[in-house]
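Novice: Turn this into a structure:
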Amino acid sequence: MVVFLLLSSIELLTPEGVCAPNEEITIIFEPPIDTSGVKVYLDDNRIYGELTEDYFLYTPDTPYSSGMHKIVFVKSNIKKIWKFRVEKKKGINVNLSGSFSNGIEINTGEVDTMEYAPVYPPGKYYIGNLFFTITSPLCELSINGTVDPEYYGGYYIFTNIKRKNFTIDGGLISPIFSEISLYGPTGLGMDAQYTSSHFTIYPFFFVSNLVDTIFMDYPRTFRGINISLFSKRLKGNVLMFDARDDTTSISDFPVEMPEKSILISPSFIFKHSTLDSMYINFVHTATDTNIFSSEGYIDGNAISAGYGMTRKNLSFNLEIRGLQPHFLTLGNPYLYTGRIGCLASGDWTHNHYILSWNLYYYKVGKSDNAHNEQLKISYSNLPVSVYLEGYYQKEIDLYPFFTRYILIGSILSHSFISMNMSFSYSKSISIDTTISYSGNSVLSVNFPFIYLESGIAATYTKPDYSLNPSLKINIPAPFNTALNLEFNSTYEESLSAIQTKCSFVKNF
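Specialist: Below you'll find the predicted structure:
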């Protein structure tokens with residue numbers, strides 16, 4: 001059995017290359033990260049936005065100035081730097097920006113894009129993307145479409161309309177609220193959000209295909225609404241949704257498999273000050289594991305409560321979480337249940353040293369206990385930063401599972417040039433033993449009018465290996481238009497791809 005280990009990836013989704021003067025800053029985390037100690041800077045000024053385990057979102061209060069800008073992400077031993085350019089012009093104040101890319105992907109074997117996802121057959125495939133944003137005084141319209149065989153169905157489309165305190169999203173959406181309620185199932189649908197000074201209302205509807213079922217796929221429909229009321233120190237929130245399976249298109253489907261789930265989740269957050277906060281989140285579900293029978297619903301509850309604090313050189317978060325054995329939310333059907341546990345995380349900074357920890361102890365059943373421990377230490381002394389990260393993880397839910405991971409790297413940072421090099425090693429022992437080696441090198445040079453970035457990433461997990469070189473060039477073009485050229489290629493044991501990308505911005 002081949003096991004793919006996904007290493008932590010922190011990527012800037014927007015802005016990219018060249019952008020509109022008021023484009024949002026969106027940083028995504030895959031897999032999700034612990035948010036303690038996360039800091040984001042824009043041109044050496046710290047910015048505060050919406051921060052979750054999966055993403056950071058910042059909407060600028062005032063438009064960016066023309067020229068090159070720098071975004072810096074810092075968390076313990078991790079430092080990421082991105083740059084983007086703003087080209088704007090006085091006048092009607094209508095801005096068009098976007099990017100387009102195209103390439104080919106050659107598959108010589110059956111590539112399993114997710115651990116349990118359907119494979120796509122060998123052959124030659126077209127890959128491409130079109131993204132553009134139109135910004136005007138009335139509203140902002142964004143459309144993003146991608147053709148790629150590694151997406152379920154071979155495509156991805158997303159649209160967004162934003163005006164002051166009202167937004168509408170359509171296409172492929174993925175709502176996220178909390179790990180024990182609704183945690184990012186993806187599907188085709190629509191959501192909207194209206195925010196005033198004291199409340200927010202967020203309805204959503206989408207249809208998700210279970211792409212990671214082993215034997216068959218069928219639609220799962222979600223309908224729900226989230227309502228928030230807040231003041232300076234207190235925020236109350238209620239999430240309600242129902243999800244149900246549609247198996248009518250599958251012949252000879254066993255009647256005991258379809259499910260229907262109704263969920264209600266109230267939560268409260270109290271901010272004692274800007275440095276201290278407490279929260280509690282209660283979730284009740286009623287699940288019918290067979291929508292064709294009259295056995296009724298199986299009820300289950302879950303609760304989480306926590307406290308977080310931030311001081312000059314210390315941040316600390318403590319959470320207690322309990323889930324009943326019959327608790328099930330189709331918004332996160334793979335959540336481990338029947339346990340009670342305690343999570344503690346934080347970081348401590350002293351001069352150039354940073355110590356971070358993430359501890360999770362929980363009780364399963366009557367006597368079994370398990371734990372997940374992560375300890376990270378880093379040292380930084382600019383302009384050169386050296387970081388070391390490692391953790392040991394143990395799980396006993398399904399079978400004994402152990403993982404050891406270590407990452408070592410260095411960052412050379414200067415106003416003109418920066419270089420990031422890293423190497424990681426991991427060993428996972430469960431049914432099989434998997435060993436993975438990964439290396440990454442990125443060089444960025446900021447010339448007076450051109451921004452250049454080149455890099456290469458390599459991973460080897462026996463018997464699979466991959467190489468991914470990339471090149472990005474930001475070039476100002478005539479007629480108030482800027483271009484960003486990007487080249488990416490990937491080579492794996494049974495897959496190779498090459499893609500070019502061009503970004504643009506135009507003002508009217």
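
Novice: who's in contact with the closest residue to residue 122 other than its chain neighbours?
Specialist: Distance criterion C-beta to C-beta, 6 or more residues apart in numbering; nearest residue to residue 122, sequence neighbours excluded, is residue 107 at 5.1 Å. From N, CA and C alone the C-beta is placed, and that goes for glycine too. By C-beta atoms under 8 Å, 6 or more residues apart in numbering, the residues touching residue 107 are 120-125, 149, 494-495.

Novice: how close does residue 107 get to residue 388?
Specialist: 37 Å (C-beta to C-beta, to the nearest Å).

Novice: moving C-terminal of the lowest-mean-pLDDT helix or strand in the chain, what's the next helix or strand?
Specialist: Across the helices and strands of the chain, mean pLDDT, DSSP states H and E gives its lowest value to strand 368-381, namely a mean of 68. For strand 368-381, the following helix or strand on the C-terminal side (DSSP states H and E) is strand 384-395.

Novice: what's the spacing between that next one and its chain's center?
Specialist: 20 Å (C-alpha atoms, centre = their mean, to the nearest Å).

Novice: One more: stretch 407-416?
Specialist: 24 Å.

Novice: Buried residues, that stretch. List them.
Specialist: By neighbour count with 16 or more other C-beta atoms under 10 Å, stretch 407-416 contains the buried residues 407, 409, 411, 413.

Novice: tell me the contacts of residue 28?
Specialist: By C-beta under 8 Å, 6+ apart, the neighbours of residue 28 are 10-11, 13, 54-55.

Novice: actually residue 170, sorry about that
Specialist: Residue 170 sits in contact with 158-160, 189-190, where contact means C-beta under 8 Å, 6+ apart.

Novice: again, only this time at 7 Å
Specialist: 159, 190 (C-beta atoms under 7 Å, 6 or more residues apart in numbering).

Novice: try residue 175
Specialist: 182, 191, 204.

Novice: these two touch, right, the last one and residue 240?
Specialist: No. With the criterion set as C-beta atoms under 7 Å, residue 204 and residue 240 do not qualify as a contacting pair; they are 10.9 Å apart.

Novice: Phi and psi next, for residue 154.
Specialist: Main-chain torsions, residue 154, degrees, to the nearest 10: phi 80, psi 10.

Novice: any chance you could map the helices in the stretch 51-200 of the chain?
Specialist: With DSSP state H, counting those that start in this stretch as the definition, the stretch 51-200 of the chain shows no helices.

Novice: Below-threshold pLDDT in it: ranges please.
Specialist: Residues of the stretch 51-200 of the chain meeting the criterion pLDDT under 70: 76-77, 88-93, 110-119, 152.

Novice: One more pass at 80, please.
Specialist: 52-54, 61-62, 75-79, 87-95, 108-121, 137, 150-153, 184 (pLDDT under 80).

Novice: which residues in it form strands?
Specialist: 55-58, 67-75, 78-86, 95-107, 123-135, 140-147, 155-163, 166-173, 187-195, 199-209 (DSSP state E, counting those that start in this stretch).

Novice: Out of the ones you listed, flag the one nearest residue 34.
Specialist: Among the strands of the stretch 51-200 of the chain, strand 67-75 comes nearest to residue 34, with 8.4 Å by C-beta to C-beta.

Novice: Pick out whichever of the contacts of residue 175 sits closest to residue 258.
Specialist: residue 182 (19.9 Å).

Novice: Ignoring the adjacent residues along the chain, who's closest to that closest one?
Specialist: For residue 182, the spatially nearest residue (C-beta to C-beta, 6+ apart) is residue 331, at 3.6 Å.

Novice: host element of the one you found?
Specialist: Applying DSSP H and E, one finds residue 331 in no helix or strand.

Novice: Can you tell me how far it is from residue 128?
Specialist: Taking C-beta to C-beta, one finds residue 331 at 32 Å from residue 128.

Novice: Pick out whichever of the two has more residues nearby.
Specialist: residue 331 (28 against 15; other C-beta atoms under 10 Å).

Novice: how about that one, what does it touch?
Specialist: Applying C-beta under 7 Å, 6+ apart, the residues near residue 331 are 181-183, 185, 241, 243, 263.

Novice: Quick check, pLDDT for the closest residue to residue 270 other than its chain neighbours.
Specialist: In space, residue 270 comes closest to residue 278 once its chain neighbours are excluded; the distance is 5.0 Å by C-beta to C-beta, 6+ apart. Residue 278 is assigned a pLDDT of 92 by the prediction.

Novice: and residue 278, what element?
Specialist: strand 276-288.

Novice: Residue 50 versus the residue nearest to residue 122, what's the distance?
Specialist: 37 Å.

Novice: And residue 205, by the same measure?
Specialist: 22 Å.

Novice: out of these two, which sits in the busier spot?
Specialist: residue 205 (17 against 11).

Novice: show me where the stretch 401-508 of the chain has strands.
Specialist: Using DSSP E, counting those that start in this stretch, strands in the stretch 401-508 of the chain cover 401-413, 417-429, 433-446, 451-461, 464-477, 481-492, 495-507.

Novice: Give me the residues contacting the second one.
Specialist: I take that to be strand 417-429. For strand 417-429, using C-beta under 7 Å, 6+ apart, the contacting residues are 3, 5, 7, 81, 402-412, 434-445.

Novice: Of the buried residues of stretch 407-416, which is the nearest to residue 308?
Specialist: residue 407 (26.0 Å).

Novice: correct me, but that closest one touches residue 376?
Specialist: No. With contacts counted by C-beta under 7 Å, residue 407 stays clear of residue 376, the gap being 9.0 Å.

Novice: Could you tell me which residues touch both of these two?
Specialist: residue 389.

Novice: how many other residues sit next to residue 422?
Specialist: Neighbour tally, residue 422, other C-beta under 10 Å: 19.

Novice: follow-up on the earlier one: which residues does the residue nearest to residue 122 bridge with?
Specialist: Beta-bridge pairing for residue 107 (DSSP bridges): residue 123, residue 495.

Novice: Mind listing the residues bridging to residue 11?
Specialist: residue 28.

Novice: oh, I was asking about residue 176
Specialist: Bridge pairing for residue 176 - DSSP bridges - gives residue 183.

Novice: Next one: it relative to residue 314, how far apart?
Specialist: Distance from residue 176 to residue 314, by C-beta to C-beta: 28 Å.

Novice: before we move on, what about residue 391?
Specialist: Distance from residue 391 to residue 314, by C-beta to C-beta: 21 Å.

Novice: more crowded one of those two?
Specialist: Taking neighbours as other C-beta under 10 Å, residue 391 and residue 314 compare with residue 391 leading, 17 against 14.

Novice: May I have the residues that are in contact with the closest residue to that one other than its chain neighbours?
Specialist: Nearest non-adjacent residue to residue 391, counting by C-beta to C-beta, 6+ apart: residue 374, 3.8 Å away. Going by C-beta under 7 Å, 6+ apart, residue 374 touches 357-358, 391.
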